[in-house]
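Asks: sequence first, predicted model second:
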Amino acid sequence: MKPMEGDEVPLRINTFTLIPNQKYRRSCRHLQSKKDGDRLENFHIQYNCGYFQIIPVEIFHKVLCYLSGLLFKRCTLLLPTKERLKFVQNQLLKNPCFRMGGCTMLAQCSGFACFGMLLQTLIAGWDELECHRVFNFLSEGANLPRKMQSVVCSRPGATRKLELQIRLFYRRVLLDHWEHQCDIAFWLTRILKPWPMVNQARLLYLLYGPMSISDGQIHWHHMTQIPASEDSIKGLAAAVRLLHENAKEWTADDIFTLLEELAGFPQEWLLENSARLLICCGNNMCFTFLANKAVNGRLNELATLIVFLSLVCEKDGYCMDWTVKMVHRICKVIASNESRWNFLQAIEKVFARVTMDMIESLMFSGMEEDEGVTYNMYNMVNAQAEFHKEVMLRAFSNILT
């Protein structure tokens, strides 16, 4: 496993990358190999829809690779920001594929991605004040405040088409093209900060939560119903960590509240998924979140999370030694010996209670549920055994070496 920068992480069997490396890069002016040409043609074939469908691949190739927005930037170099944005509105936004609700095949259309690359080239090097103006211009031009209000006031999934439009517009136009994390954090902060914290969590899920590739439907209840895969949760974790590490407008308490709200939307997540989210957020952030609970005396919640962190380590192939080290670090921030003892006892009680709940569920479940319940109980028993093995290794290390 490749370690995260400045971060200790649990070892695992398979490679795990926290921040996805999916970036849209402008190609250089001269293609050096047939491989690049083939890749661009495949991009055209796979994503080209809407008005782009009638453009021959050679012209599409030239627009993206040779012009790329730089020509537009140079042509408008002497214009003030307001005039440049007017030009964008009067010229670029005439293309329906660059507008919200303008394309009938939104999920497959490359219009937003192309608009995002052009916009990134245009505003590269602009200061924050000018970028604020760009965000306000885009929001007002697309009537985004009203559309987002409609989404956050509706039942999750009730406005599927609008949810998809908002997600793809923000992701493809403002968020996915930047190479530097601080730039992504700036735009994500602009999107989230105008809203109350509960809506910030909902919008973060809207932008980075799991989504069906086939129909563009956001899986709002995925985290509340079934154990989520690492792939379906790491986008959310990467976004939260991004805000924590790169955005000066977010305090530690803001991030903790955001995590709490996120894990409670649209209903309470499965504890396994909450634990997996914390692990994907990285070692430092995970410890800070758990230590905050310890300082505030929420020891039973903390013990429950430790048990499910152990379960995730067992299921996802992380080293259980990481969980034991985490418990050791947390004990150091708990004020009294009595509270530390209560915390350790609570962990054992949670292990016993969760195991008994699984046994009862297995006894009374139908045949169709047996396989899933048995698999969960198998992993929980193994997690408990591995956890205690690591505890004993640390306790008796002096006589074992």
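Replies: Alright, I've got the coordinates. Numbers count the residues shown, from 1 in each chain.
Asks: pLDDT weak spots in this structure?
Replies: Across the chain, residues meeting the criterion (pLDDT under 70) sit at 1-78, 91-92, 365-370.
Asks: could you name the residue of it that is farthest from its center?
Replies: Ile399 (44.6 Å; C-alpha atoms, centre = their mean).
Asks: may I ask which helix or strand encompasses it?
Replies: helix 397-400 (DSSP states H and E).
Asks: for that helix, enumerate the helices and strands it packs against.
Replies: Applying 3 or more C-beta pairs under 8 Å, 6 or more residues apart in numbering; DSSP states H and E, we find helix 397-400 packed against no helix or strand. Yep, even glycine has a C-beta here, placed from its N, CA and C like the rest.
Asks: kindly export that helix (C-alpha atoms) in PDB.
Replies: Output in PDB follows, covering the C-alpha atoms of helix 397-400 (Å, rounded to 0.1, in the frame of the first residue of the first chain):
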ATOM      1  CA  SER A 397       5.700  -8.100  23.900                       C
ATOM      2  CA  ASN A 398       8.500  -8.000  26.600                       C
ATOM      3  CA  ILE A 399       8.400 -11.700  27.200                       C
ATOM      4  CA  LEU A 400       7.900 -12.600  23.500                       C
END
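Asks: now it, how far from the centre of its chain.
Replies: 42 Å (C-alpha atoms, centre = their mean, to the nearest Å).
Asks: roughly how far does the residue farthest from the centre of the chain sit from Met392?
Replies: 11 Å (C-beta to C-beta, to the nearest Å).
Asks: now what about stretch 219-239, what contacts it?
Replies: 16, 18-20, 156-157, 188, 204-205, 207-212, 262-263, 266-270, 272-273, 276-277, 280-282, 315-316, 376 (C-beta atoms under 8 Å, 6 or more residues apart in numbering).
Asks: can you do 6 Å?
Replies: 18-19, 156-157, 204, 208, 210, 266-267, 269, 272-273, 276-277, 280-281 (C-beta atoms under 6 Å, 6 or more residues apart in numbering).
Asks: and which of those is nearest Leu362?
Replies: Glu272 (17.0 Å; C-beta to C-beta).
Asks: packing partners for the host helix or strand of the closest one?
Replies: Taking DSSP H and E as the definition, Glu272 sits inside helix 271-280. With contacts taken as 3 or more C-beta pairs under 6 Å, 6 or more residues apart in numbering; DSSP states H and E, helix 271-280 sits against helix 230-246, helix 299-316.
Asks: so which of these gets nearest Leu362?
Replies: Each of the helices and strands packed on helix 271-280 has some distance to Leu362 by C-beta to C-beta; the shortest is helix 299-316, at 16.2 Å.
Asks: strands along the stretch 101-250 of the chain, start to end?
Replies: With DSSP state E, counting those that start in this stretch, there are no strands along the stretch 101-250 of the chain.
Asks: apart from its neighbours in sequence, what residue is nearest Leu299?
Replies: Spatially, and ignoring its direct neighbours in sequence, Leu299 is nearest to Phe343 (4.8 Å; C-beta to C-beta, 6 or more residues apart in numbering).
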